[in-house]
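Trainee: Sequence and predicted structure are below.
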Amino acid sequence: MPDFKPLPKPVKAQRSTHSNKPKSTANKPSAKEKPIKTVSKSPVNKTIPASRPIKPQPDQPLQRTKPNTSLIRNRANQAGRFLRKKSRRTLSLVIALIIAVPLLLFLVLSLRGHNALAIYLGEDRVGYIAFSQEINETSLRAEAIRMLEINENAQVQVNEQISIRPINTAQRNIIPFTEAIEQLAAAFTFQIVGTAIDLNGNRIAILRTQNDAEEVIWRLQSPYLRGRAEDYYLVEFVEDLRMNNVTVEESDLSTVQQVLQRLDGRAVVVDEYVVQPGDTLGGIALLHNTTLTNLFENNPGFSANTVLRVGDVLRIESYRPYLSVRTILAETRSSPIPIEDEILENPGEVNTFSQVIQEGQEGEAEIVVHTTRINGIQTEAEQIVATRIIREMTPRITEVGTSER
């Protein structure tokens, strides 16, 4: 038998009880030793049997499996709960943002202060204007009414009241001040306030504006003014002419020309006149705004050759306008102050002695004279109403003797 050596028994590696100790190298083969090969017990050349042919199976109908509805329902419920939970969270977040953003904006604007004034016409908001401490309801309403009166060319009475409130708003909402005034003027409801002219208690007409009434008065009075209007102390109507502001409809208004035509008529007036010293027939006719022919027609027996006597009564028919104008002209004149004589008695001289020891000099005064006329005719004597000394008068002094010897 051939010689053989028995294989060495495998040596089991002992586990180290300490993990930090280095592993033992006793079981590791040395560089000179060959590793031991494990020999499989099965033969090396094992024959693999050939696969069997697959026999075709006859066609069988497909069988539908019944779906598990409870599982699907559970899945759907789970998905619905998830979506609802997600939706609630999203909705809560959106609501929180909707509430928080305006509050935050309001807080920021509040810290910055008010930036606008909200304008209200009654209960309706007209718009916003830039905030200003100088703007108040009275001035705003006055500006809007002034613009409305310019547009209507008339004085108006507005029905609504204006109120303003400080507020914070977006800059794009604020409109210019002029535009806000225009919107207010367009939104007002109003009535025209005309100027009524009443003559002796009877209403003559209603004019659109106070300026129209003043123009009527001026055109009726100006023909009787001589020189500058500021030189007159008084210009008035003899009759009772009054003007009042009244609310009126547009159709009831009259023009300046229409009113002048109504007031420019003349009425026939018959008066009795008592002749005064110095009167003449021509002067009486001129005084009563009539003619000599008319004077003779109303006074039979009188002619150009008639000599008037003080106390004669004349019947005078004249034409007077419905409105008579009384004027008082104030004229400033220079008036001399005559020299006054003074006597200085001298008992040392005989009574036949007389000597001027101081020559006198006239003084000068400034006087204000009032002249009253009706429709241009003087009706009263001139009156001196004021005097101012410009230069004092120097008296003439004469010395005379008083002795009898």
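Mentor: Cool, the structure landed. Residues are numbered from 1 along each chain as shown.
Trainee: use CA for all of it now, contacts and neighbours both
Mentor: Will do.
Trainee: Show me the helices in the stretch 201-350 of the chain, by range?
Mentor: Applying DSSP state H, counting those that start in this stretch to the stretch 201-350 of the chain gives helices spanning 210-221, 256-263, 281-287, 292-298.
Trainee: what stretches of the stretch 301-405 of the chain score poorly on pLDDT?
Mentor: 320, 405 (pLDDT under 70).
Trainee: mind listing the strands for it?
Mentor: With strands called from DSSP state E, counting those that start in this stretch, the stretch 301-405 of the chain shows them at 313-321, 325-337, 341-350, 354-358, 363-374, 377-378, 383-391, 396-403.
Trainee: Mean neighbour count for the helices of the stretch 201-350 of the chain - can I get that in JSON lines?
Mentor: Formatted as JSON lines, the helices of the stretch 201-350 of the chain follow (neighbours: other C-alpha atoms under 10 Å):
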{"stretch": "helix 210-221", "mean neighbour count": "16"}
{"stretch": "helix 256-263", "mean neighbour count": "14"}
{"stretch": "helix 281-287", "mean neighbour count": "16"}
{"stretch": "helix 292-298", "mean neighbour count": "16"}
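Trainee: of all these, which lies closest to Val270?
Mentor: helix 292-298 (9.5 Å; C-alpha to C-alpha).
Trainee: Dump the strands of the stretch 301-405 of the chain into a markdown table; add distance to Asn159 and mean neighbour count as well.
Mentor: Listed next are those as a markdown table, based on distance: least, C-alpha to C-alpha, whole Å; neighbours: other C-alpha atoms under 10 Å:
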| stretch | distance to Asn159 | mean neighbour count |
| --- | --- | --- |
| strand 313-321 | 41 | 17 |
| strand 325-337 | 40 | 18 |
| strand 341-350 | 78 | 14 |
| strand 354-358 | 82 | 14 |
| strand 363-374 | 45 | 18 |
| strand 377-378 | 50 | 16 |
| strand 383-391 | 51 | 13 |
| strand 396-403 | 79 | 17 |
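Trainee: just to revisit the earlier point, out of the helices of the stretch 201-350 of the chain, which is closest to Ile328?
Mentor: helix 210-221 (12.5 Å).
Trainee: Quick one: mean pLDDT for the closest one?
Mentor: In this model, helix 210-221 has a mean pLDDT of 92.
Trainee: With stretch 86-95 instead?
Mentor: pLDDT averaged over stretch 86-95 gives 78.
Trainee: do the same with stretch 173-184
Mentor: For stretch 173-184, the per-residue pLDDT averages 93.
Trainee: Likewise for stretch 127-136?
Mentor: Here the average pLDDT along stretch 127-136 is 89.
Trainee: Also stretch 259-273?
Mentor: Per-residue scores along stretch 259-273 average to 79.
Trainee: of all the strands of the stretch 301-405 of the chain, which lies closest to Asn74?
Mentor: Evaluated with C-alpha to C-alpha, those place strand 325-337 nearest to Asn74, the distance being 110.8 Å.
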